[in-house]
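**Student:** sequence plus predicted model, see below.
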Amino acid sequence: MKRRTPNAFRVRVAEGQPVIPDVAAASVPARFRGKPSIDSSRCPDGCVECITACPTGAISANPLTIDLGACVFCPICAAACPEGAITYTNNYKMAATSREGLLLREGCAVTPETASSEIRRLFGRSLKLRSVSAGGCSGCELELNALGNVNFDIGRFGIEFVASPRHADGIVISGTTTRAMAHALKATYEAVPKPKLLILFGTCAISGGIFQRSDQLARDFIEKHKVDLYIPGNPPHPLTFIHGLLEYLRGRAPTRR
């Protein structure tokens, strides 16, 4: 009797290789709105259309600058600019190790500095992280969950999310850091053994985003502690997290096949 190939097997073969082998050279859909591109030569004298249109005050002039930590990656500024000085690319590589490093200007790269030799020695080959949603809408949290799927498979780089902060080497904060989450965030961070990393994931965590002026936020935790890595986006692409973290820990984003 002739055997029939199961549908699941045929579908799996047709899908090909699902995992992304090289996170430094991965392609993302053209519709993905990633790092903006600036051409200040197109700006007419005195034009402030993009600045006044930005809902989070992320754009400033002289020189034209976009704060990726406050940008919600909406197309409003690009639509408002009469000369097309701001456009959006699908470039996902935009993590930074300082708040100032997120200030995007024409001709300037946005890239994280490499961690100290001690951090690389401790966490370069194995890193456990605890995710804390401190008032998030679940957008960033969904992207963090996607890091464990077959496409991104962050575990192959020795990076894993754990359930207990006592088993973690650092925390990843998403959300606006609300007053209601202030105690839980502080307790979670304190439960992580030293030395530990602090990573901010998404615009809301970095600056508060569109909620930055709300009286329900408790941003003092962010102000009191040293942030090791900023991952911008609204929400960030999983590849932004992986590439930025590997660049920080190892000075490069390696290929894993």
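**Tutor:** Received the coordinates, thanks.

**Student:** which ones are touching the residue nearest in space to the middle of the chain?
**Tutor:** Using C-alpha atoms, centre = their mean, the residue of the chain that lies closest to the mean C-alpha position is residue 231, 2.8 Å off. For residue 231, the set of contacting residues under the criterion of C-beta atoms under 8 Å, 6 or more residues apart in numbering consists of 95, 199, 200, 201, 202, 240, 241, 244. Backbone N, C-alpha and C define where each C-beta goes, glycine included.

**Student:** reformat those as a markdown table; add pLDDT, distance to residue 114 and secondary structure.
**Tutor:** Supplementary listing: the contacts of residue 231 in a markdown table, determined by pLDDT from 0 to 100; distance: C-beta to C-beta, whole Å; DSSP: H, G, I helix; E, B strand; the rest coil:
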| residue | pLDDT | distance to residue 114 | secondary structure |
| --- | --- | --- | --- |
| 95 | 97 | 12 | coil |
| 199 | 98 | 15 | strand |
| 200 | 98 | 19 | strand |
| 201 | 98 | 20 | strand |
| 202 | 98 | 23 | coil |
| 240 | 97 | 17 | helix |
| 241 | 97 | 17 | helix |
| 244 | 96 | 12 | helix |
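
**Student:** what's the closest of the residues you listed to residue 139?
**Tutor:** Here the nearest of those to residue 139, counting by C-beta to C-beta, is residue 202; it sits at 7.6 Å.

**Student:** surely the closest one touches residue 236?
**Tutor:** Yes: taking C-beta atoms under 8 Å as the contact criterion, residue 202 and residue 236 are neighbours in contact, 5.7 Å apart.

**Student:** neighbour count: those two, which is higher?
**Tutor:** Under the criterion of other C-beta atoms under 10 Å, the comparison of residue 202 against residue 236 puts residue 202 first, with 31 against 26.

**Student:** for the more buried one, phi and psi?
**Tutor:** Comment: the main-chain dihedrals of residue 202 come out as phi 100, psi 160, following degrees, to the nearest 10.

**Student:** and it, what is it in contact with?
**Tutor:** Contacts for residue 202 were tallied using C-beta under 8 Å, 6+ apart; they are 136, 139, 140, 174, 175, 209, 231, 232, 233, 234, 235, 236.

**Student:** what's the ChimeraX syntax to select whichever of those residues are buried?
**Tutor:** ChimeraX command restricting the contacts of residue 202 to the buried ones, with burial defined by 16 or more other C-beta atoms under 10 Å:
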select :136,140,174,175,209,231,232,233,234,235,236
